[in-house]
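> My questions concern the predicted model and sequence given below.
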Amino acid sequence: VDDKATAKLFEIRTKLKKLEASLNSKATSIAFSYAQYLSGDNITIRDGHYVLPVKTVDKNKVTGVIYGISDSGNTTFIEPLEIVSMNNEITALKVEENEEVRRILKQLTSLVLLQEHEILTNNRIISELDFLCAKANYASSINAEIAQISDAQIVDLTNARHPLIEPNKVVANSYYIDENKRIVIISGPNAGGKTVSLKTIGLLVLMNQCGLAIPCEKATLGYFKNIYIDIGDSQSLSDNLSTFSAHVSQLSEIINMVGGKDLVLLDELGTGTDPKEGEALALAVTK
């Protein structure tokens, strides 16, 4: 709680600072006068009181209140009589300070409770605005565009870029699929970017359906109820599946679940087996 929250709190803390400074100066002076009886040079604090570390054999040489003894028994911690009243006054002021802080917090709580609905509503509005600003900042950072939304099942991306590849390294590509052109086959050499292309399409469609701008020059996208993918080597030692068996298993699941408003991305369809058999599988799936 700020010192100036109330005049009373400011007054209490001002007195405390002055008393603590005076007490520290007084205790240092007393420690110097009793230096020959001390087991150390430092004044210590016990239970909020300044005490002197007096050699136990000389404890009767220092008049004051005993607050403890060291584990070895060689040192007795004594609050000199000269500062007892100052310590007591500081303790009393700290009690007053805590009471005033509690009173302030209680009053603030009662004010907040009266405005509970408005505060919660503001929090929801602020979080929504923060969310929108975060999306806008991200869109600006990747030079993204907001896609046009179509009622038709369409993917029309011009110079689309993978959002996670560095801008100076990414290769932009354009893609088009609609209800009449339902299948697009991408072919080319190894390391030619086919897998990245599939991932780019999937990510951009998903980003759009999450309300994000997408990294491309322009785009028109329909809504896809589900996005199914089979990208990468899904072989499993535990399930005794080869690369080909894993692909067939994935394809079987996709074919059983896919509907008319879904997007399906398949990487290296028919790979991992005899080329003729893979070709037959690919034709069967795409038809």
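Yep, it's here.

> Check the average confidence over the strand or helix carrying residue 89, would you?
Using DSSP states H and E, residue 89 sits within helix 81-114. Mean per-residue pLDDT for helix 81-114: 90.

> ok now it, how far from the chain's centre?
Its chain's C-alpha centre and that of helix 81-114 lie 36 Å apart, by Cα atoms, centre = their mean, to the nearest Å.

> residues of that helix that come out buried?
Residues of helix 81-114 classed as buried by neighbour count (16 or more other Cβ atoms under 10 Å): 83, 86-87, 90, 93, 96-97, 100, 104. Placement of C-beta: from N, CA and C, glycine included.

> for those residues, which one is nearest residue 222?
Of all these, residue 222 sits closest to residue 104, with 58.0 Å by Cβ to Cβ.

> My read is that the closest one contacts residue 4, right?
No: applying Cβ atoms under 8 Å as the test, residue 104 and residue 4 come out as separate, 11.3 Å apart.

> tell me the angle of the host helix or strand of residue 8 relative to helix 81-114?
Take DSSP H and E as the rule and residue 8 turns out to sit in helix 7-33. Angle between the axes of helix 7-33 and helix 81-114 is 150 degrees (criterion: axes from the mean of the first three to the mean of the last three Cα atoms, to 10 degrees).

> by contact count, what packs against helix 7-33?
In terms of contacts (3 or more Cβ pairs under 8 Å, 6 or more residues apart in numbering; DSSP states H and E), helix 7-33 is packed against strand 49-55, helix 81-114.

> Leaving out sequence neighbours, find the closest residue to residue 91.
Nearest residue to residue 91, sequence neighbours excluded (Cβ to Cβ, 6 or more residues apart in numbering): residue 48, at 6.3 Å.

> can you check residue 266 too?
Nearest to residue 266 is residue 230, by Cβ to Cβ, 6+ apart, at 5.0 Å.

> Residue 80 now?
residue 64 (4.4 Å).

> wouldn't that neighbour be in contact with residue 77 here?
No: here residue 64 lies out of contact with residue 77, judged by Cβ under 8 Å, at a distance of 9.7 Å.

> just so I have it, where are all the strands in this structure?
Using DSSP state E, the strands of the chain run over residues 44-46, 49-55, 64-69, 75-80, 148-149, 155-160, 173-177, 218-221, 226-230, 262-266.

> Can you lay out those as TSV showing distance to residue 24?
What follows is the strands of the chain, written out as TSV (distance: least, Cβ to Cβ, whole Å):
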stretch	distance to residue 24
strand 44-46	11
strand 49-55	8
strand 64-69	17
strand 75-80	13
strand 148-149	71
strand 155-160	69
strand 173-177	73
strand 218-221	70
strand 226-230	69
strand 262-266	73
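
> Ok, which of those strands comes nearest residue 247?
Closest approach to residue 247 among the strands of the chain (Cβ to Cβ): strand 226-230, 6.3 Å.

> Strand partners (parallel or antiparallel) of that closest one?
Partners of strand 226-230 in the sheet, by DSSP bridges, are strand 262-266 (parallel).

> Quick one: mean pLDDT over the strand it pairs with.
Rounded mean pLDDT across strand 262-266 is 89.

> what does that strand rub up against?
For strand 262-266, contacts defined as Cβ atoms under 8 Å, 6 or more residues apart in numbering pick out 155, 198, 201-202, 205, 224-231, 251, 254, 258, 285.

> one more time with 7 Å, if that's ok
Contact partners of strand 262-266, identified using Cβ atoms under 7 Å, 6 or more residues apart in numbering, comprise 198, 201-202, 205, 224-231, 254, 258.

> Please indicate which of the residues you listed are buried?
If we count by 16+ other Cβ under 10 Å, the contacts of strand 262-266 have these buried: 198, 201-202, 205, 224, 228-230, 254.

> Below-threshold pLDDT in the chain: ranges please.
Applying pLDDT under 70 to the chain picks out residues 41, 232-243, 270-272.

> Could you rerun that using 80?
40-43, 46-49, 188-192, 232-249, 268-279, 281-282, 284-287 (pLDDT under 80).

> Report how many residues lie close to residue 15.
Using other Cβ atoms under 10 Å, residue 15 has 15 neighbouring residues.

> Setting the sequence-adjacent residues aside, check what's closest to it.
Computed as Cβ to Cβ, 6+ apart, the closest residue to residue 15 that is not its neighbour in sequence is residue 93, at 5.8 Å.

> Understood, closing this out.
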